[in-house]
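Peer 1: I'd like to go over a predicted model; first the sequence, then the structure.
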Amino acid sequence: MKKIIFQKETIDASKIIEDTGSESDGSILCFIGRARNRSRERDVLYLEYEIYESMAAREMDKIVTKAMSGWTLSHCTVIHRFGPVKIGEASILISVSSPHRNESYMASRYIIDKIKEKVPIWKKEFYSDGSVWISERS
Amino acid sequence: MNIRIKTFASVKDICGFSEKEISIKEAAMVKEVLAALNKNSPGLQEIMDSLLFAINEEYCTKEARLKADDILAIFPPVSGG
């Protein structure tokens, strides 16, 4: 089962984890990417994400489908925020479940790496004296 | 023929629009559209080599040819996550 969601609202991680997995899964792995307060030696006030939503949905679906066929996952949920994201809030959550932990770790790593490479979403960092679109992968 | 251009992030800031319809010659390549855009938005030149493109929501190269009513998206490297 796969679920891909783009939302403006904050992410309720405990609810997603609760909804991930089945009784045959020995592993549920949840990765959360958070907005941090320092970047490129500057204090960050908040982030804003822009998304090309229809294309992002297609690219995300390709990534999740490939992960689910490459590893034995029974469940995969990916949620990405758009719009403003406060410091400390989750910008992305990836929750996967599988019978054994190795598949969960491998798939989760694959999914986040591919999102950072392929899914048309852009981050803007806001500082006290301006803002910058972040383009390089980090 | 007409196509729609969509821009995102820094490309949108440089071009000054997020979406617009333009008229181009039949089977024009993406790079020809870019050259035309660059005339009105010279700032594009600075990030030209890093730009990514998609036609109808599928990644493509600068050499891809356009058809009538295509949607061409132009954007910088992605930075989600």
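Peer 2: Thanks, I have it.

Peer 1: show me where pLDDT drops low in chain A?
Peer 2: Low-confidence segments of chain A, defined by pLDDT under 70: A:136-138.

Peer 1: all strands of it, in order?
Peer 2: Along chain A, counting by DSSP state E, strands occupy A:2-7, A:27-34, A:38-39, A:42-43, A:46-51, A:75-81, A:83-86, A:90-98, A:121-127, A:130-134.

Peer 1: chain B is nearest to which of those?
Peer 2: Across these, chain B has its closest neighbour in strand A:121-127 (3.0 Å, C-beta to the nearest C-beta). Just so you know, the C-beta spots here come from the backbone N, C-alpha and C atoms, and that holds for glycine as well.

Peer 1: bridged to B:Tyr59, which residues?
Peer 2: Residues in a beta bridge with B:Tyr59, per DSSP bridges, are B:Ala54.

Peer 1: next, count neighbours for the residue lying closest to A:Tyr127 once chain neighbours are set aside.
Peer 2: Spatial nearest neighbour of A:Tyr127, chain neighbours left out: A:Arg42 (5.3 Å); criterion: C-beta to C-beta, 6 or more residues apart in numbering or on different chains. Using other C-beta atoms under 10 Å in any protein chain shown, A:Arg42 is surrounded by 14 other residues.

Peer 1: ok, for residue 17, nearest residue in space, not its chain neighbours?
Peer 2: By default, I'm working from chain A. Nearest to A:Ile17 is A:Cys30, by C-beta to C-beta, 6+ apart, at 5.3 Å.

Peer 1: can you look at chain B instead?
Peer 2: Excluding the flanking residues, the one nearest B:Phe17 by C-beta to C-beta, 6+ apart is B:Thr7, at 6.6 Å.

Peer 1: shouldn't the residue nearest to A:Tyr127 be in contact with A:Phe126?
Peer 2: No: counting by C-beta atoms under 8 Å, A:Arg42 sits too far from A:Phe126 to count as a contact (10.2 Å).

Peer 1: wait, what's in contact with the residue nearest to A:Ile17?
Peer 2: Counting by C-beta atoms under 8 Å, 6 or more residues apart in numbering or on different chains, A:Cys30 touches A:13, A:16-17, A:20, A:93-95.
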